[in-house]
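# Here you go, sequence then predicted model.
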Amino acid sequence: MVRRAVGRFNGSLVRMERRLRMWVKSLSAGALLVAVFALYSEAQNAAAQTASEGIGIFQSQSDIGSVTPPGTLAYDASQHMYTISAAGENIWSTVDGFHFAWKKVSGDVSLTADMNFPEAKGDPNPHRKAVLMFRQTLDADGIYADAAQHGSGLTALQYRAARGATTQDIELNIATPRRLRLEKRGDTITMFLSMGNEPLHQVGASIKLHLEGPFYAGIGVCSHNKDVVEKATFANVEFMALTRSAAPAQLALYSTLQTIGIDDSFRRALMIMSSRGHFEAPNWSRDGKSLVFDRDGHLWTTPAEGGNATMIETGAATNCSGSHGLSPDGKLLALSCGMAGSREVRVYIVPLGGGTPKQVTENSGSYFHSWSPDGKTILFTRFNEGSLNIYSISVDGGTEKAMTVGKSISDDPDYSADGRYIYFNSDRSGGTMQIWRMNADGTDPKQVTSDEWNNWTPHPSPDGKSIVILSYPKNVTGHPANKDVALRILTPADGKVRTLVNIVGGSGTDNVPNWAPDGSHFAFVSYQMLPAEDTGSSE
């Protein structure tokens, strides 16, 4: 199609050249000038028509990074089909290599398409990618977000949050959607999909990413093999500029359960489940096969690789909160609940498979936080006249022991893997909330972090090498939900802290111990407030 268009354009130039030579011989200077302008306009129109026929709604195309041979784009206007052929090593890590058809845009937009890989000869790379992309620049290490369809069927929302940073992604346990959409509203970028004839819908793949001023929106292909050219098609491509109505859009809350690896060179997240409404606080089972979370006052379990959630039977304890956790042997579940007809929360224990709750704490307002590694002691917190303090108690109940005292807030205690220390967050030093550490008997408290964040929920990893903390900006007080927060990794060996991922979350994200048994990844819940219905003007 592109070759035919170029041929027509070249033929137009030849005909115009012949006419110009004839006019030069027969016309006066004034008439010749008019004729030249007419020919110039005709050439512009021919060029514009050729460009339109060649790349459709897009303005141009570029190889991003190293792509040899250069990538190509063919547009079949009769079929509304774009076909990109390209090599390129990858769209991942710190540098990209792919072919990109783009247009320069601003504001809130969406890009939608049906993406497919035609039948390929030989043994095509399962990680070849077709993408819908928003990109800050055309530099190989630029900031971007994309909805990526892999040749294997894997679907992911990928993004690079800073120039030259390592790519991160949210992978779905859904293979080969029929249709994908990438949508930008402010700094929130969300992926939508449709598996069949159902409307496009969000599936929990949403991130916060700032794109400054005008940016690039388009489609791209990478072969994942710099020496091989792969091909992908994009059908029914739709670009929309999203308009903001005078009346605020009706928003709906979505909760998404994810897992994420902590390796700096391989920040990959897996979306386990997502639904409209609120759920929170995942625990990981000791065998690594399932996750426990709270929803609608009940405890639920779901496979760690994704699947249907099953409610855990807890008898009369039906008003349960996001404060729960598994015993070291994985057989028991501590939970913080009010019994039927009462909102007085106490700590109870049930078998992981469900059963009659056994009461542990006597005083109401008690919230579970952690088991000791030997399985004999439980840490919990309780409010008292505006202060919040940490207590310990035997798993068999009995006398509780105050681990912290005073009028400050001391919360979210969790044992280190070796049982020597208890990490917690406290505002006892004045100013921001920071992470502290004390001995397992409550003595010798020491401040661990001291920065410009409000740091909460320290959870040491099972291997003792990392502590995940949830951090709010300095101007956020308390432990609210649905805020811009960062999940950060504190390394006990050197005290350094690094940001792993930025999300919308807070209370409910990781209230309780949430590490996988291998200590290489953990589970969390993020939240999205998304319009109940999309509005926009098609372009």
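Right, received. Where do you want to start?
# Now do the buried residues in stretch 492-502.
By neighbour count with 16 or more other Cβ atoms under 10 Å, stretch 492-502 contains the buried residues P492, V497, L500, V501, N502. Quick note: C-beta positions are derived from backbone N, CA and C, even for glycine.
# Tell me the one among those nearest to D463.
Nearest to D463 among these is P492, at 11.0 Å by Cβ to Cβ.
# Give me the nearest residue to the closest one, chain neighbours excluded.
I467 (6.3 Å; Cβ to Cβ, 6 or more residues apart in numbering).
# What residues are bridge-paired with that neighbour?
I467 has these beta-bridge partners by DSSP bridges: P460, L490.
# neighbours of it, just the number please.
I467 is flanked by 24 other residues according to other Cβ atoms under 10 Å.
# circling back: tabulate the buried residues of stretch 492-502 in a markdown table, adding columns for secondary structure.
As requested, those are exported to a markdown table (DSSP: H, G, I helix; E, B strand; the rest coil):
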| residue | secondary structure |
| --- | --- |
| P492 | coil |
| V497 | strand |
| L500 | strand |
| V501 | strand |
| N502 | strand |
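# could you redo these as TSV and give each row distance to I312?
Converted to TSV, these look like this (distance: Cβ to Cβ, whole Å):
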residue	distance to I312
P492	33
V497	35
L500	29
V501	28
N502	32
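# re earlier: wait, isn't the residue nearest to P492 in contact with H459?
Yes: at 6.5 Å, I467 counts as touching H459 under the criterion of Cβ atoms under 8 Å.
# can you map out the strands along the stretch 251-400 of the chain?
251-261, 267-276, 279-284, 290-295, 298-303, 310-311, 317-326, 332-339, 346-351, 358-359, 366-371, 377-384, 387-394 (DSSP state E, counting those that start in this stretch).
# Between those strands, which has the poorest mean confidence score?
Comparing mean pLDDT across the strands of the stretch 251-400 of the chain, the weakest is strand 267-276, with a mean of 88.
# relative orientation of it and strand 290-295 in degrees?
40 degrees (axes from the mean of the first three to the mean of the last three Cα atoms, to 10 degrees).
# Which positions within strand 267-276 qualify as buried?
Using 16+ other Cβ under 10 Å as the test for burial, strand 267-276 gives R267, R268, A269, L270, M271, I272, M273, S274.
# Ignoring the adjacent residues along the chain, who's closest to the second one?
Same thing as R268. Counting by Cβ to Cβ, 6+ apart, the nearest residue to R268 once its immediate chain neighbours are dropped is G261, at 5.3 Å.
# ok now do that neighbour, which residues does it touch?
R267, R268, A269, S520, H521 (Cβ atoms under 8 Å, 6 or more residues apart in numbering).
# farthest pair in those residues?
So, the contacts of G261 by Cβ to Cβ: farthest apart are A269 and S520, at 12.9 Å.
# And stretch 80-95, what's buried?
The neighbour-count check on stretch 80-95 (16+ other Cβ under 10 Å) flags 81-92, 95 as buried.
# Any chance of a markdown table for these, columns distance to D139?
Listed next are the buried residues of stretch 80-95 as a markdown table, based on distance: Cβ to Cβ, whole Å:
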| residue | distance to D139 |
| --- | --- |
| M81 | 29 |
| Y82 | 23 |
| T83 | 26 |
| I84 | 20 |
| S85 | 23 |
| A86 | 17 |
| A87 | 19 |
| G88 | 15 |
| E89 | 16 |
| N90 | 16 |
| I91 | 13 |
| W92 | 15 |
| V95 | 9 |
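# Which single one of these is nearest to P328?
P328 has its nearest neighbour among the buried residues of stretch 80-95 in W92, at 37.5 Å by Cβ to Cβ.
# what's the pLDDT at the closest residue to that closest one other than its chain neighbours?
Nearest non-adjacent residue to W92, counting by Cβ to Cβ, 6+ apart: T167, 4.8 Å away. The score at T167 is 94. That number is its pLDDT.
# Need phi/psi at T167.
Dihedral pair for T167: phi -60, psi 140, per degrees, to the nearest 10.
# if I pick it, what's in contact with it?
I91, W92, S93, T94, Q158, Y159, R160, R267.
# In strands, which of these appear?
Among the contacts of T167, DSSP state E puts I91, W92, Q158, Y159, R160, R267 in strands.
# Show me which of those has the smallest pLDDT value.
R267 (69).
# With distance to F100 as extra columns, can I get the contacts of G261 in CSV?
Below are the contacts of G261 laid out as CSV (distance: Cβ to Cβ, whole Å):
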residue, distance to F100
R267, 23
R268, 23
A269, 24
S520, 33
H521, 31
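# and the gap between the residue nearest to P492 and Y391?
Look at I467 and Y391: by Cβ to Cβ, to the nearest Å, they are 22 Å apart.
# now swap in G88 and tell me
G88 sits 58 Å away from Y391, taking Cβ to Cβ as the criterion.
# per-residue confidence at A532?
69.
# for E17, that is, sorry about that
We have a pLDDT of 48 for E17.
# can you give me the strands for the stretch 51-200 of the chain?
Here the stretch 51-200 of the chain has its strands, by DSSP E, counting those that start in this stretch, at 60-64, 72-76, 81-86, 91-92, 95-96, 98-105, 109-116, 129-135, 144-150, 154-160, 168-175, 179-185, 188-194.
# that's a helix at W436, yeah?
No: going by three-state DSSP, the assignment for W436 is strand, not a helix.
# is it in a bridge, and if so with what?
F424, Q447.
# Surely it touches D414?
No: counting by Cβ under 8 Å, W436 does not reach D414; the two are 11.6 Å apart.
# Low-confidence ranges, the protein, go.
Counting by pLDDT under 70, the chain contains low-confidence residues at 1-54, 120-121, 244-249, 265-267, 532-539.
# Restrict stretch 380-395 to CA atoms and write it as PDB.
Output in PDB follows, covering the C-alpha atoms of stretch 380-395 (Å, rounded to 0.1, in the frame of the first residue of the first chain):
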ATOM      1  CA  PHE A 380      -1.200  -6.400  68.800                       C
ATOM      2  CA  THR A 381      -2.100  -2.800  69.300                       C
ATOM      3  CA  ARG A 382      -4.800  -0.900  71.200                       C
ATOM      4  CA  PHE A 383      -5.900   2.700  71.400                       C
ATOM      5  CA  ASN A 384      -6.100   4.400  74.800                       C
ATOM      6  CA  GLU A 385      -7.100   8.000  75.300                       C
ATOM      7  CA  GLY A 386      -5.700   9.200  71.900                       C
ATOM      8  CA  SER A 387      -2.500   7.200  72.100                       C
ATOM      9  CA  LEU A 388      -1.800   3.900  70.400                       C
ATOM     10  CA  ASN A 389       0.600   1.300  71.900                       C
ATOM     11  CA  ILE A 390       2.000  -2.100  71.200                       C
ATOM     12  CA  TYR A 391       1.200  -5.200  73.400                       C
ATOM     13  CA  SER A 392       2.200  -8.800  73.500                       C
ATOM     14  CA  ILE A 393       0.300 -11.800  74.700                       C
ATOM     15  CA  SER A 394       0.500 -15.600  74.700                       C
ATOM     16  CA  VAL A 395      -1.300 -17.300  71.900                       C
END
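# outside of that stretch, which residues touch it?
Stretch 380-395 is touched from outside by 323, 327, 332, 334, 336, 347, 349, 360-361, 363, 365-369, 371, 375-379, 399-413, 422, 424, 442, with contacts defined as Cβ under 8 Å, 6+ apart.
# how about a cut-off of 6 Å?
Under the contact criterion Cβ atoms under 6 Å, 6 or more residues apart in numbering, stretch 380-395 has outside partners 347, 365-369, 377-379, 400-404, 407, 409-411, 413.
# Now that we have those residues, which of them are buried?
When these are checked for burial by 16+ other Cβ under 10 Å, the buried set is 347, 366-369, 377-379, 400, 403-404, 409-411, 413.
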